[in-house]
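Peer 1: turn this into a structure:
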Amino acid sequence: MTDSDKYNPAAIEEKWQKRWQESGVFQCRIDPDKPKYYVLEMFPYPSGNIHMGHVRNYSIGDVVARYKRMQGFNVLHPMGWDAFGLPAENAAIKHGIHPAVWTHANIDNMRSQLSRLGYSYDWNREVATCDESYYRWEQGFFLKLLEKGLVYRKKSPQNWCPSCHTVLANEQVVDGLCWRCDTPVVQKDLTQWFMKITAYADELLTDLSKIDKGWPERVISMQRNWIGKSIGAEILFPIENSDETIQVFTTRPDTLFGVTFLTLAPEHPLAEKLIAGQPDEQKAREFIERTRNMDRIDRQSNTLEKEGVFTGKYCIHPLNGRRVPIWLGNFVLAGYGTGAVMAVPAHDQRDFDFSQKYGIPRIAVIRPEGAEIQAESMTEAYVDSGILMNSGMFDGMASEEAKKSIVEKLEKEGKGKKAVNWRLRDWNISRQRYWGAPIPVMYCEHCGMVPVPEKDLPVRLPLDVQTFNDGRSPLPHTPSFVECICPKCGGKARRETDTMDTFVESSWYFARYTDAVNNTSAFTEEALRYWLPVDQYIGGVEHAILHLLYSRFFTKVLRDLGYFPRELDEPFTNLLTQGMVLKDGSKMSKSKGNVVDPGVMIERYGADTVRLFCLFAAPPERDFDWSETGIEGSFRFLNRVWRLHQDLKSILRPEHACSSSASEASGSLARELRLKEHATVKKFIADLDRNSFQFNTAIAAVMELVNSIYQAKESLMADPAGPKVLSSAMATVITLLYPVTPHLCEELWEDLGHKTLLNSEPWPQWNEDALIRDTVTIVVQINGKLRGKIDIPADTSKDETGKLALAEPNIARHLENLTVRKIIVIPGKLVNVVAN
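Peer 2: Residues are numbered from 1 along each chain as shown. Next comes the predicted model:
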């Protein structure tokens with residue numbers, strides 16, 4: 001083979017990427033006569049370079065897009081950039097350049113890298129969330145939400161990073177430190193903007209049933225737990241010698257008579273009043289300050305060491321009038337429930353541990369049916385349902401009956417009521433940083449908070465500002481931005497200088513892709529009705545809660561505001577959460593020195609090899625460890641396909657997949673190869689038509705077909721039917737591999753003599769008749785040990801199969817001087833002769 005005949009991925013890939021771009025083959029438009037398919041990978045933050053996690057994610061999406069096009073779908077497969085946010089701003093400050101310059105340079109570089117991998121994106125629909133052509137529509141959504149009361153401002157304690165000068169979500173606080181800079185996080189009272197996602201809590205929970213067939217069970221469970229619906233009761237405990245009451249929420253009103261103390265969050269609004277003037281006031285204040293700055297996630301952990309302080313005050317039990325001490329505890333959060341917990345140490349393990357530590361008594365009020373229980377001898381809480389005791393008129397009732405009866409009595413006396421509590425909290429969208437979408441409101445001395453009129457949108461983020469080295473936002477110090485005129489009274493006003501959380505941008509970008517070049521609206525109803533919902537969404541499981549939950553919320557709220565079609569309830573029909581690409585068992589990171597650069601791998605092996613390895617190494621939902629031997633093996637396989645094509649080149653014709661007929665494949669070897677060809681297509685379709693997309697086993701099936709062609713090629717090249725059968729088999733290999741390794745396959749397809757792109761080739765279909773073998777190979781055992789094989793007609797009866805097995809010479813020899821006791825026949829597979 002000459003050098004010109006060798007596989008040259010660099011030249012082939014450059015050729016076909018240019019051809020695809022020039023022909024616009026991946027551009028799409030609304031076509032009512034074709035079924036649509038919208039495949040979308042989560043868009044990246046433009047960090048500057050793609051990594052192997054990107055390659056795996058986008059390769060999965062590209063296989064699906066190409067596969068669906070060949071199945072006759074009108075495919076939307078877009079790409080864009082999640083371009084606002086703290087990482088870009090901090091990186092730009094570090095490098096001494098403007099965030100806009102940094103971001104757009106990174107976008108250009110990453111676009112080039114993605115193009116080098118040959119992904120079939122419709123680049124005409126590219127969006128960058130930092131462009132005003134994108135965020136202007138978002139500001140319009142904000143104004144409509146504000147008008148409907150679904151956006152509001154309130155003062156509340158927030159996670160604050162003193163170094164980054166911004167609020168952090170709970171998930172961005174790790175072990176009490178900022179996830180970006182490892183600075184200790186403190187609590188700071190700030191007036192912030194919130195989106196009222198809790199107004200949709202019930203629908204967000206209920207509608208999980210609409211997507212649970214297409215989403216991973218783990219993600220559905222994570223969303224359900226995050227929303228956190230609890231059914232129970234709100235109960236009022238009057239504070240002794242006061243007009244104030246403490247409201248608690250509980251899912252176990254049947255344990256009300258077992259309350260021996262109340263535990264309040266240190267941030268509870270009544271905490272200051274309760275400790276004021278008490279002997280341990282200073283100790284309590286120190287506890288409050290220390291607890292406020294703890295990681296909120298850690299405070300909810302089961303492993304947290306429970307700590308507290310007695311306020312010195314008491315409340316009164318609502319049904320028996322007993323004095324109940326009021327404590328502050330580090331495990332109670334102001335933002336969950338009412339910020340106060342009725343503590344029942346005999347029947348809640350957390351309360352049990354707390355009472356043990358601080359010597360607080362227990363009262364057992366629930367016993368197992370048919371058993372007794374003594375509070376003083378308990379070594380752990382009894383947390384199950386049972387029969388009530390020590391509960392006055394409710395003694396002897398079963399827990400479920402008692403729950404209902406106790407709540408009815410509380411409601412009758414005005415001391416409580418049935419209630420539903422949610423773990424979900426409203427979404428804080430305020431960020432005190434520069435690089436984000438401006439919030440379109442202003443503040444007037446006379447009129448107060450005033451929305452920017454929609455006709456004046458967008459409120460442009462000024463690009464002629466100098467960022468501060470310490471990360472503070474320059475917006476409050478930029479008069480040209482801050483100073484404005486009130487549209488109501490014409491007086492002086494100041495713009496809001498907080499910017500929006502970048503999760504806002506990523507909560508609706510999938511809808512913008514449907515009409516991305518529209519300059520008069522965010523999208524049209526026609527585009528939304530045709531393209532949405534997204535049929536297949538692909539991304540990391542780390543986004544299982546916030547991004548996906550916010551996107552679901554935005555879909556429902558934009559539907560109710562009239563932006564989305566009424567029937568659109570969910571944004572993503574199917575979700576695939578791909579695993580990570582590891583190196584030496586660890587997540588790739590620069591600090592560990594285990595990063596594999598996709599660019600280096602592409603230069604060495606070609607984009608098709610990199611794609612193939614990422615898809616073949618493991619099922620898409622599982623992590624896999626990067627392996628040099630693995631990618632070399634993928635490269636060898638593509639070279640093997642290339643050599644096979646070169647070996648057969650002299651006899652190959654421009655045939656299509658599965659095109660040889662039964663009459664043309666009349667010889668036994670030709671029939672067997674045709675069977676393998678059709679079986680491979682059937683296997684490939686079965687593996688890709690499942691939501692899990694088992695690319696690795698589908699690719700393995702094609703590898704087996706290549707082996708079969710190699711084994712049969714010498715004999716078939718001398719057979720008159722050989723050119724047709726081999727051309728059909730090679731066309732099948734090329735067509736099936738096309739979504740995975742498109743450049744190589746386009747080259748071989750053209751070399752077969754085809755004049756059209758594989759993108760327009762129909763996906764091959766198998767013929768069930770081709771899967772029927774004329775003969776089958778039967779394994780023959782004697783007493784479970786392999787002794788021989790026989791080839792027999794496929795329709796041979798069980799009795800005849802047994803007779804033929806006994807007649808096989810080697811079997812007959814082993815049975816000499818033995819008596820056959822039994823013959824077990826598994827049709828088409830095995831005969832086992834039992835003899836002694």
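Peer 1: OK, contacts around Thr166?
Peer 2: Applying Cβ atoms under 8 Å, 6 or more residues apart in numbering, we find Thr166 in contact with 86, 160, 431-433, 471. No exception for glycine: its C-beta is placed from N, CA and C like everyone else's.
Peer 1: same thing but 7 Å
Peer 2: 86, 431-433 (Cβ atoms under 7 Å, 6 or more residues apart in numbering).
Peer 1: quick one: buried residues of stretch 153-169?
Peer 2: Of all the residues in stretch 153-169, those buried under the rule 16 or more other Cβ atoms under 10 Å are 156-161, 164-168.
Peer 1: for it, list the C-alpha coordinates in PDB.
Peer 2: Listed in PDB are the C-alpha atoms of stretch 153-169, where the atom choice follows Å, rounded to 0.1, in the frame of the first residue of the first chain:
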ATOM      1  CA  ARG A 153     -37.400  42.000  46.600                       C
ATOM      2  CA  LYS A 154     -36.800  41.100  50.200                       C
ATOM      3  CA  LYS A 155     -34.100  41.300  52.800                       C
ATOM      4  CA  SER A 156     -32.600  38.100  54.000                       C
ATOM      5  CA  PRO A 157     -29.400  36.500  55.200                       C
ATOM      6  CA  GLN A 158     -27.300  35.300  52.300                       C
ATOM      7  CA  ASN A 159     -24.000  33.400  51.800                       C
ATOM      8  CA  TRP A 160     -21.500  36.100  51.000                       C
ATOM      9  CA  CYS A 161     -17.900  35.700  49.700                       C
ATOM     10  CA  PRO A 162     -15.900  38.700  50.900                       C
ATOM     11  CA  SER A 163     -13.300  38.000  48.200                       C
ATOM     12  CA  CYS A 164     -15.600  37.500  45.200                       C
ATOM     13  CA  HIS A 165     -17.900  40.300  46.500                       C
ATOM     14  CA  THR A 166     -21.000  38.400  45.700                       C
ATOM     15  CA  VAL A 167     -23.800  36.200  47.000                       C
ATOM     16  CA  LEU A 168     -23.300  32.400  46.600                       C
ATOM     17  CA  ALA A 169     -26.000  29.700  46.300                       C
END
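Peer 1: next, the closest residue in space to Pro46 that isn't next to it in sequence: secondary structure please.
Peer 2: Counting by Cβ to Cβ, 6 or more residues apart in numbering, the nearest residue to Pro46 once its immediate chain neighbours are dropped is Asn106, at 4.0 Å. Following DSSP: H, G, I helix; E, B strand; the rest coil, the label given to Asn106 is helix.
Peer 1: repeat that for Glu542.
Peer 2: Using three-state DSSP, the secondary structure recorded for Glu542 is helix.
Peer 1: returning to what we had before: looking at the contacts of Thr166, which is nearest Gly277?
Peer 2: Gln432 (36.3 Å; Cβ to Cβ).
Peer 1: next secondary structure after the helix-or-strand element of the chain with minimal mean pLDDT?
Peer 2: Averaged element by element with mean pLDDT, DSSP states H and E, the chain has its least confident helix or strand at helix 296-299 (a mean of 69). Per DSSP states H and E, helix 296-299 leads on to strand 308-316 as the next helix or strand towards the C-terminus.
Peer 1: which residues sit against the very next helix or strand once past that next one?
Peer 2: Moving toward the C-terminus from strand 308-316, the first helix or strand encountered (DSSP H and E) is strand 323-329. In this structure, residues lying in contact with strand 323-329 by Cβ under 7 Å, 6+ apart are 237, 240, 259-264, 266, 271, 274, 284, 287-288, 306, 308-311, 313-317, 354.
Peer 1: what do you get if the cut-off is 8 Å, keeping everything else the same?
Peer 2: Among residues not part of strand 323-329, those counted as contacts by Cβ under 8 Å, 6+ apart are 237, 239-240, 246, 259-266, 268, 271, 274-275, 284, 287-288, 291, 306-311, 313-317, 341, 343, 354, 358, 360.
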